[in-house]
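**Student:** Predicted coordinates and the sequence they were generated for:
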Amino acid sequence: MSLLPAIEQETGENPDAAIIWLHGLGADGNDFAPIVPELNLPNEMAVRFIFPHAPSIPVTVNGGFVMPAWYDILEMEIDRRVDTHQLLLSANAINMFIDNQMERGISSSRIIVAGFSQGGAVAYHVALSHDKPLCGLLVMSTYFATSEVIEMSQVNQNLPIEVHHGIHDPVVPEKLGRKAVEQLKEKSYDVNYRTYPMEHGVCASQIDDISTWLQMRLL
């Protein structure tokens with residue numbers, strides 16, 4: 001199995017850290033690629049950003065329309081019924097990116113997994129089940145879709161986790177973001193939860209907070 005197509009951006013020569021950033025339903029890697037310069041990371045941070053493109057599949061809640069998606073969403077109920085098998089396949093595909101970065105000389109402890117909406121659900125699974133210690137998990141406007149089936153990895157029990165959500169989100173209700181945080185805190189994970197006065201998206205103050213968090217993790 002080969003790597004999914006992806007956009008790569010490096011903020012400096014010979015990067016010693018990587019951030020694998022997953023887009024939401026119906027988008028692709030181009031959705032978040034423009035955020036890199038907006039983060040205003042310091043010159044001494046040489047980071048490789050990877051923005052994979054999800055495969056295009058039929059999505060049930062959108063009338064079976066084919067679009068980029070990490071997994072099918074079967075029902076838009078409050079807790080969502082999703083195709084868990086497809087989500088796990090996508091998680092495996094992202095694990096391949098982690099392996100690839102390690103093969104290219106970046107330690108697993110310098111790799112952050114990030115994701116928005118659907119991509120965040122995959123990011124949750126990837127980071128919390130990964131068998132090597134990672135640097136951090138950043139999830140935005142999402143939910144913990146595999147909370148009942150995931151096998152948590154002990155090596156990432158102390159993983160720093162940053163969770164963001166818009167309080168007016170009509171797509172993924174904010175209560176799902178809070179539910180994920182509560183589930184993880186019950187299992188003694190280190191989770192920081194931030195909310196923003198926005199809908200289903202990203203705002204300027206959030207980008208500033210992401211930049212600060214990344215620098216805390218990688219500088």
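**Tutor:** Cool, the structure landed. Numbering: from 1, shown residues only.
**Student:** CA atoms for contacts and neighbours, from now on please.
**Tutor:** Fine.
**Student:** Residue 66 belongs to a strand?
**Tutor:** Yes. Judged by DSSP: H, G, I helix; E, B strand; the rest coil, residue 66 forms part of a strand.
**Student:** Specify the beta-bridge partners of it.
**Tutor:** Each beta-bridge partner of residue 66 is listed here: residue 58, as defined by DSSP bridges.
**Student:** Surely it touches residue 54?
**Tutor:** No. Residue 66 is not in contact with residue 54 according to C-alpha atoms under 8 Å; the separation is 11.8 Å.
**Student:** Looking at those two, which is more packed in?
**Tutor:** residue 54 (25 against 14; other C-alpha atoms under 10 Å).
**Student:** what's the more buried one sitting at in phi/psi?
**Tutor:** Residue 54 adopts backbone torsions of phi -70, psi 150, taken as degrees, to the nearest 10.
**Student:** Settle this for me: it is touching residue 4, isn't it.
**Tutor:** Yes. Residue 54 is within contact range of residue 4, at 7.4 Å (criterion: C-alpha under 8 Å).
**Student:** how far does the longest helix seen in the chain sit from the chain's center?
**Tutor:** Determined from DSSP state H, the single longest helix within the chain is helix 84-103. Centroid separation for helix 84-103 versus its chain: 12 Å, with C-alpha atoms, centre = their mean, to the nearest Å.
**Student:** Stretch 122-129 too?
**Tutor:** Counting by C-alpha atoms, centre = their mean, stretch 122-129 comes out at 8 Å from the chain centroid.
**Student:** Give me the buried positions along it.
**Tutor:** Neighbour-count burial for stretch 122-129 flags 122-129 (criterion: 16 or more other C-alpha atoms under 10 Å).
**Student:** can you dump the C-alpha coordinates of that stretch into PDB?
**Tutor:** What follows is stretch 122-129, C-alpha atoms only, in PDB (Å, rounded to 0.1, in the frame of the first residue of the first chain):
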ATOM      1  CA  VAL A 122      -9.100  10.000  12.500                       C
ATOM      2  CA  ALA A 123      -6.400  12.000  14.300                       C
ATOM      3  CA  TYR A 124      -7.900  11.000  17.700                       C
ATOM      4  CA  HIS A 125      -7.600   7.300  16.700                       C
ATOM      5  CA  VAL A 126      -4.200   7.500  15.200                       C
ATOM      6  CA  ALA A 127      -2.500   9.400  18.000                       C
ATOM      7  CA  LEU A 128      -4.100   7.600  20.900                       C
ATOM      8  CA  SER A 129      -3.500   4.100  19.600                       C
END
